[in-house]
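Give me coordinates for this.
(chains A, B, C and D)
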There are 2 protein chains.
Amino acid sequence: MAVVQQEPGTEERILAAARRVFIRKGMAGARMQEVADEAGINKALLHYYFRDKQRLFEGVFKGGAEKQFGCIWNSFNDSTELFDAIERFVAAYIDRMLEEPLLPLFIAQEMSRDPEGLRAFVDRGQASRQRFIRLVEEALAAGAIIDIDPRDLLVNMMALCAHPFVARPMLTHIHGMNDEAFRRMMLKRRKSVPEFIIRSIRA
Amino acid sequence: MAVVQQEPGTEERILAAARRVFIRKGMAGARMQEVADEAGINKALLHYYFRDKQRLFEGVFKGGAEKQFGCIWNSFNDSTELFDAIERFVAAYIDRMLEEPLLPLFIAQEMSRDPEGLRAFVDRGQASRQRFIRLVEEALAAGAIIDIDPRDLLVNMMALCAHPFVARPMLTHIHGMNDEAFRRMMLKRRKSVPEFIIRSIRA
DNA sequence: GTCTATATGTAGATAGAC
DNA sequence: GTCTATCTACATATAGAC
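Presented below is the predicted three-dimensional model:
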């Protein structure tokens, strides 16, 4: 069976458009008309493919945890040592979010609106978090780091990665940055954040 | 003129109710009906006091930067030395947000929706940020800290304070915390975060 | 599958009595 | 100043032709 570069079908165009609109405006702010426009169709057809707004939302994000964050959680599987794991995690997180800078704020928003709903995003990473905690315990046993709660450390790592994206409008305004300058700042942080963390926990 | 404990008037009840609803649901998700209900009045009266939703929103948050974040920015004015400033800032930030845990996410959300709108929240802190940067430069000149971009340091401080509130639904679910457990965690971070930062930058 | 046209529901806003 | 009732606008959703 020959695999050719397909024109994206209507359903895929809808999903892609809906994804962009939902992430930009959130569930509450998104408009079916806007999705239809971006997909190059009309509202009726949108409802033909996805009966209502809720189902469209789920169609876009259900089971998508793997695609959204898989590469980030998996970064823990590539490491056998804590400092290396930290470097890889931060790099994976920032690289992923540079592709879709509005994602962190969107996830936070929707988890706050409907805590049950996007739970899949969280549960998926359970195994990887366990693995991370073990790396911390091993580093502690080896005398490589000071005594620190692994969960606190993970919170700090995610905070240092995610916050600049969440607070992006504030930061860009304060420092008079454009999109390109923001990108450069995040690429610098890709190196400086692991250093910041490791300096803090090294024994 | 005797100052007595007044029953809150209608306008104040509206402002308080609107504030709660806006912060809980965001501008897009908030409903005038819900505000009216919480204020114990009807929609018509709401429009009598504030012509439309936009004006109600501005009535609640315009010029409120001082009330929202004043105590946080001012924390820099109490210190003559960097490490002390960091401790006070983190404590002030976390204490303030424990009073109103949804505020960080709300601000991020609305700044993203309308970057011009809540700019006052940002500009207000300009002088305090300058003061902080000077403290960093002095500490650097005194050989107390390693070479670090003061702006990056400030971003890290805000990240470590704000992120747990932004990601609160995720964290509470992952760790199976209730509200009280979350509060305890943040009170612990009130001490551990400054230590984390200072360990990282100390020369 | 895709469209035009329309129905239904809901939220914001106003009119007018008291 | 506060209410009931109503209007208008808009967003979601459906009917039905092609």
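
Which residue ranges make up the domains of chain A?
Recorded structural domains for chain A (assignment: automatic domain parsing) are A:10-61, A:65-201.

okay, how far is it across the shortest one, tip to tip?
The reference is to domain A:10-61. 18 Å (C-alpha to C-alpha, to the nearest Å).

Same question for the longest one.
Separation of the first and last residues of domain A:65-201 by C-alpha to C-alpha is 30 Å.

interface residues of chain A facing DNA strand D?
Neighbours of DNA strand D within chain A, by C-beta under 7 Å from any atom of the strand: A:30-33, A:43-44, A:47, A:51-54. (Glycine included, C-beta is placed from N, CA and C.)

Which of the helices or strands spans the closest residue to A:Leu15 other than its chain neighbours?
Using C-beta to C-beta, 6 or more residues apart in numbering or on different chains and skipping residues adjacent in sequence, the residue nearest A:Leu15 is A:Val60, 5.8 Å away. Under the criterion of DSSP states H and E, A:Val60 resides in helix A:53-61.

Start from the N-terminal end of chain A and give the helices.
A:10-29, A:32-39, A:43-49, A:53-61, A:65-74, A:82-99, A:103-113, A:119-123, A:126-141, A:150-166, A:168-174, A:179-201 (DSSP state H).

ok, which residues in chain A are in contact with DNA strand C?
A:10, A:41-45, A:48.

which one of the residues you listed sits closest to chain B?
Using C-beta to the nearest C-beta, A:Lys43 is the member of the residues of chain A next to DNA strand C that lies nearest chain B, at 19.4 Å.

Compute the number of surrounding residues for the nearest residue to the closest one once chain neighbours are set aside.
Among residues not flanking A:Lys43 along the chain, A:Ala36 sits closest, at 4.9 Å (C-beta to C-beta, 6+ apart). Using other C-beta atoms under 10 Å in any protein chain shown, A:Ala36 has 20 neighbouring residues.

my guess is the residue nearest to A:Leu15 contacts A:Arg19, does it?
Yes: between A:Val60 and A:Arg19 there is a contact at 5.0 Å, judged by C-beta atoms under 8 Å.

Quick check, the residue in chain A closest to DNA strand C?
Nearest to DNA strand C in chain A, going by C-beta to the nearest atom of the strand, is A:Ala44, at a distance of 3.0 Å.

how close does that residue sit to A:Ala30?
18 Å (C-beta to C-beta, to the nearest Å).

and if you look at A:Leu56?
Remark: distance between A:Leu56 and A:Ala30 (C-beta to C-beta) = 9 Å.

Those two - which one has more neighbours?
The neighbour comparison of A:Leu56 against A:Ala30 (other C-beta under 10 Å) goes to A:Leu56, with 24 against 20.

so who does the more buried one touch?
A:14, A:18, A:32, A:35, A:46, A:50 (C-beta atoms under 8 Å, 6 or more residues apart in numbering or on different chains).

at 6 Å instead, please
Listed by C-beta atoms under 6 Å, 6 or more residues apart in numbering or on different chains, the contact set of A:Leu56 reads A:18, A:50.

Could you check the pLDDT of it?
If you check A:Leu56, the pLDDT there is 98.

ok, now the one 10 residues further on?
Reading off the per-residue confidence, A:Glu66 sits at a pLDDT of 78.

Tell me the spatial nearest neighbour of it, not counting adjacent residues.
Closest residue to A:Glu66 apart from its sequence neighbours, by C-beta to C-beta, 6+ apart: A:Arg124 at 6.5 Å.

For that neighbour, give me phi and psi.
Here is the backbone geometry of A:Arg124 (degrees, to the nearest 10): phi -50, psi -40.

quick one: A:Val166 and A:Leu105 touch, right?
Yes: A:Val166 is in contact with A:Leu105 according to C-beta atoms under 6 Å; the separation is 5.0 Å.

quick one: least confident helix or strand in chain A?
Within chain A, no helix or strand scores below helix A:119-123, which has a mean of 71 by mean pLDDT, DSSP states H and E.

Which one of the helices of chain A has the poorest average confidence?
The minimum mean pLDDT among those belongs to helix A:119-123 (a mean of 71).

And the residue nearest to A:Glu66, how close does it get to DNA strand D?
To DNA strand D, A:Arg124 is 28 Å away according to C-beta to the nearest atom of the strand, to the nearest Å.

What is the neighbour count of that residue?
Neighbour count for A:Arg124, taken as other C-beta under 10 Å: 17.

and what of A:Lys191?
13.

next one: A:Ser200
20.

quick one: contacts for the closest residue to it other than its chain neighbours?
Nearest residue to A:Ser200 in three dimensions, chain neighbours excluded: B:Ser200, at 3.9 Å (C-beta to C-beta, 6+ apart). For B:Ser200, the contact set (C-beta under 6 Å, 6+ apart) comprises A:196, A:199-200.

could you redo the last one with a cut-off of 10 Å?
A:195-202, B:145-146, B:148, B:153, B:156 (C-beta atoms under 10 Å, 6 or more residues apart in numbering or on different chains).

which one of those sits closest to B:Arg88?
Nearest to B:Arg88 among those: B:Leu153, at 14.9 Å, using C-beta to C-beta.

just checking, the closest one touches B:Ile86?
Yes: B:Leu153 is within contact range of B:Ile86, at 8.6 Å (criterion: C-beta atoms under 10 Å).

Same drill for these two, tell me which one is more crowded.
Neighbours per residue, other C-beta under 10 Å: of B:Leu153 and B:Ile86, the larger number sits with B:Ile86, 25 against 20.

distance of that one from A:Arg113?
According to C-beta to C-beta, B:Ile86 stands 34 Å off from A:Arg113.

just A:Gly125 next, same as before
21 Å.

how about A:Ala30, phi and psi?
With angles defined as degrees, to the nearest 10, A:Ala30 sits at phi -70, psi 150.

One more: A:Gly9?
According to degrees, to the nearest 10, A:Gly9 has phi -70, psi 170.

near chain B at all, stretch A:150-162?
Yes: using C-beta under 10 Å from any C-beta of the partner chain, we find that stretch A:150-162 touches chain B at A:151-156, A:158-162.
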